[in-house]
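What shape does this take:
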Amino acid sequence: MSKLNQKIFSGVFWNLVQLIIQRSLSFVVKLILARLLFPEDFGIVGMAAVFISFIKVLNDVGIGAALIQKKEKDLNELHYYTAFWTGVVWSIILYLLIAFLIAPLASTFYGSPILEEIIPILSIGILSSPINLIHKAQLTKSMNFKRIAIITNSSNVFSGLLSVGLAFAGVGVWALVFNSVASFLVAIPMYFHATGWWPKFKWGKQEFKDIFGFGMYTTGTNLFNNIISQLDYLVIGKMLSASILGVYTLAFLLTDTFKSQLMNVMNKVMYPVYGQLQDNKNSIKEYYLKVVLYNSVLIYPIMVIMLILGKPIIAQFFGDKWMDAVIPLQILSVSVMFSLMVNSHTSLIRGMGKPEVEMRIQFFRAIFLYIPSIIAGTYYYGMIGTAAAVLFNKIAAVFVAQWILKKMVNISLNELFSALKAPILATIISAGTGYFLYNYLILHYLFVGLMIVITYFAIIYLLMKEDIHFLYNKLVVLKRKRKSNKKLVS
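Numbers count the residues shown, from 1 in each chain. The predicted structure is shown next:
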């Protein structure tokens, strides 16, 4: 196994460990909080998060992405010191902007006075983020995802336990608020310990230009990404109500948010890889198609279960007060399947040193597709119209992304569908099986869910036997190497 392949495999493994623990914990925490709290509580936090997110986008001004993308020979210690102090000063300015301008504005916009108290607390993460920024960039650049996974999971366990304790104590919406804040603060000392890096009071003008020149486009991209990801929350909260937004938030958390977490796993690993391979388009193409394939293999069966069994899952796990989330949940499940077809293209474009192309794509999607469709869908059809608009945009994104990828690395739409034939076929057959068993044979939803998973992965194994054996052999080699390294150390 080549050294790069070994790093990729190890990175994916540890990021998946992080994802599984994080999502399992998050699901349990959200399940408990959904039982103890009300849709309106989730909706209020969702309202606050929308306004905060637009400022958070500007938080690192693309500094972290620039440090990861640049080759090691083009960086020196002054780049890291400059990035750190720039981030700290900038985050303080942004926090003051949020506390004294954004919080009152959001409170007035939604007509909810409590937002003026919640938003400054929720925004504490903006102050801690640049402190962790350099450490996380260094660990990512060296592909030390094991350490990142340990830090992330430890901080999430602490914040989850804190929020559940607060919910039982009867503090209501504040349990959700502190759940979002605590993990950032706990992670700070752990990142310092992980890297051993401490900032010095140094700052370089040229180093700032090196980083900010790349980061400016990345920040622009993140801004448009944020419009795309938060507009539905903003529109529902304004046009409908906090309660409806809370219901929609649950549907989104169970579908698109889970997909985003997995995408982050692969993108965090592949972004530095694309940066290293930016001059080798054939290798980039091969890696990209594999990333899209493996993401789809893992997520499609979960979305099939949500599509076929969304109603009993919501009823049994969250209760009758959340039943309005069923139809949006089903629509968003389908939208995730389309989104996964091009889930890594932005990391590929940025990794190849073309952040301006990425920004233009997201600008086009936000202005000409997402904003008008979300507003129209919500205005005419309410929350279901919002979910339908999201689905429309995910389908459109496939064709937009493929047009760009065809020009950059010569990936055609036919090649994409050929690479995804196994998960697509497995999805169709397992969804049909699940629908028949649940709606016609009236079997218990847990048994049906189990049959969906068995059917899906049986087909995957038949169609991807060689790939599965290849990955298994890599895992065996990785384990053996770890054992031999431990023996040498001892």
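
Average pLDDT for stretch 206-216, rounded please.
Regarding stretch 206-216, the rounded mean pLDDT is 66.

I meant to write stretch 411-431 there.
On average, stretch 411-431 scores 93.

Need the contact partners of the one helix or strand Ala187 maps to.
Using DSSP states H and E, Ala187 falls within helix 174-195. Contact partners of helix 174-195, identified using Cβ atoms under 8 Å, 6 or more residues apart in numbering, comprise 29, 33, 36-37, 41-42, 45, 49, 118, 121-122, 124-125, 128-129, 131-132, 134-136, 138-139, 144, 147, 150-152, 154-156, 158-160, 162-164, 166-167, 198. Bear in mind the C-beta positions are built from the backbone N, C-alpha and C, glycine included.

change it to 6 Å
45, 118, 121-122, 124-125, 128, 131-132, 135, 138, 147, 151, 155-156, 158-159, 162-163, 166-167 (Cβ atoms under 6 Å, 6 or more residues apart in numbering).

among those residues, which are in helices?
45, 118, 121-122, 124-125, 128, 131-132, 135, 138, 147, 151, 155-156, 158-159, 162-163, 166-167 (DSSP state H).

Derive a ChimeraX selection command for the buried subset of these.
Buried members of the ones in helices among the contacts of helix 174-195, defined by 16 or more other Cβ atoms under 10 Å, are picked up in ChimeraX with:
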select :45,118,121,122,124,125,128,131,132,135,138,147,151,155,156,159,162,163,166,167
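
Can you report how many residues lie near Met383?
By the criterion of other Cβ atoms under 10 Å, Met383 has 24 neighbours.

Number the chain from 55, please
With 55 as the first residue, the last one maps to Met437.

got the CA coordinates for the helix holding Ala241 in PDB?
What follows is helix 228-249, C-alpha atoms only, in PDB (Å, rounded to 0.1, in the frame of the first residue of the first chain):
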ATOM      1  CA  TRP A 228     -31.200  26.900  27.100                       C
ATOM      2  CA  ALA A 229     -30.400  23.200  27.100                       C
ATOM      3  CA  LEU A 230     -30.100  23.400  23.300                       C
ATOM      4  CA  VAL A 231     -28.100  26.600  23.500                       C
ATOM      5  CA  PHE A 232     -25.400  25.200  25.800                       C
ATOM      6  CA  ASN A 233     -25.300  22.000  23.800                       C
ATOM      7  CA  SER A 234     -23.900  24.000  20.900                       C
ATOM      8  CA  VAL A 235     -21.500  26.100  22.900                       C
ATOM      9  CA  ALA A 236     -19.800  23.700  25.400                       C
ATOM     10  CA  SER A 237     -18.000  21.500  22.800                       C
ATOM     11  CA  PHE A 238     -16.000  24.500  21.400                       C
ATOM     12  CA  LEU A 239     -14.700  25.500  24.800                       C
ATOM     13  CA  VAL A 240     -13.800  21.900  25.900                       C
ATOM     14  CA  ALA A 241     -11.800  21.400  22.700                       C
ATOM     15  CA  ILE A 242      -9.400  24.400  23.200                       C
ATOM     16  CA  PRO A 243      -6.900  22.800  25.700                       C
ATOM     17  CA  MET A 244      -7.100  19.500  23.900                       C
ATOM     18  CA  TYR A 245      -6.000  21.000  20.600                       C
ATOM     19  CA  PHE A 246      -3.100  22.800  22.300                       C
ATOM     20  CA  HIS A 247      -2.000  19.600  23.900                       C
ATOM     21  CA  ALA A 248      -2.400  17.600  20.600                       C
ATOM     22  CA  THR A 249       0.000  19.800  18.500                       C
END
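
And that helix, what's buried?
For helix 228-249, by 16+ other Cβ under 10 Å, it's 228-242, 244-245, 248-249.

which strands and helices sit next to the longest helix along the chain?
When the chain is parsed with DSSP H, its longest helix is helix 425-463. Helix 425-463 sits against helix 259-293, helix 335-371, helix 380-393, with contacts defined as 3 or more Cβ pairs under 6 Å, 6 or more residues apart in numbering; DSSP states H and E.

Please identify the deepest-packed of the ones you listed.
Of the helices and strands packed on helix 425-463, the one with the most neighbours on average (mean count of other Cβ atoms under 10 Å) is helix 380-393, at a mean of 23.

so how far is that helix off the chain centroid?
Centroid separation for helix 380-393 versus its chain: 16 Å, with Cα atoms, centre = their mean, to the nearest Å.

Export that helix to PDB, keeping only CA atoms.
This file holds the C-alpha atoms of helix 380-393, laid out as PDB (Å, rounded to 0.1, in the frame of the first residue of the first chain):
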ATOM      1  CA  VAL A 380     -42.800  12.900   8.200                       C
ATOM      2  CA  ILE A 381     -43.500  14.200   4.600                       C
ATOM      3  CA  PRO A 382     -40.600  16.700   4.700                       C
ATOM      4  CA  LEU A 383     -38.400  13.900   6.000                       C
ATOM      5  CA  GLN A 384     -39.300  11.700   3.100                       C
ATOM      6  CA  ILE A 385     -38.700  14.400   0.500                       C
ATOM      7  CA  LEU A 386     -35.400  15.400   2.000                       C
ATOM      8  CA  SER A 387     -34.300  11.700   2.000                       C
ATOM      9  CA  VAL A 388     -34.600  11.700  -1.700                       C
ATOM     10  CA  SER A 389     -32.800  15.000  -2.000                       C
ATOM     11  CA  VAL A 390     -29.900  13.600  -0.100                       C
ATOM     12  CA  MET A 391     -29.500  10.700  -2.600                       C
ATOM     13  CA  PHE A 392     -29.100  13.200  -5.400                       C
ATOM     14  CA  SER A 393     -26.800  15.400  -3.400                       C
END
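
And the average pLDDT for it is what?
The average pLDDT for helix 380-393 rounds to 94.

Can you name every helix or strand that that helix contacts?
helix 296-308, helix 310-330, helix 335-371, helix 425-463.

Could you give me the buried positions within the first one?
In terms of neighbour count (16+ other Cβ under 10 Å), helix 296-308 has its buried residues at 296-308.

just to revisit the earlier point, now the longest helix of the chain against helix 380-393, angle please.
Note on geometry: by axes from the mean of the first three to the mean of the last three Cα atoms, to 10 degrees, helix 425-463 and helix 380-393 are set 20 degrees apart in direction.

now the angle from helix 425-463 to helix 335-371?
150 degrees.

could you give the angle of helix 425-463 to helix 296-308?
Relative orientation of helix 425-463 and helix 296-308, computed by the same axes, to 10 degrees: 20 degrees.
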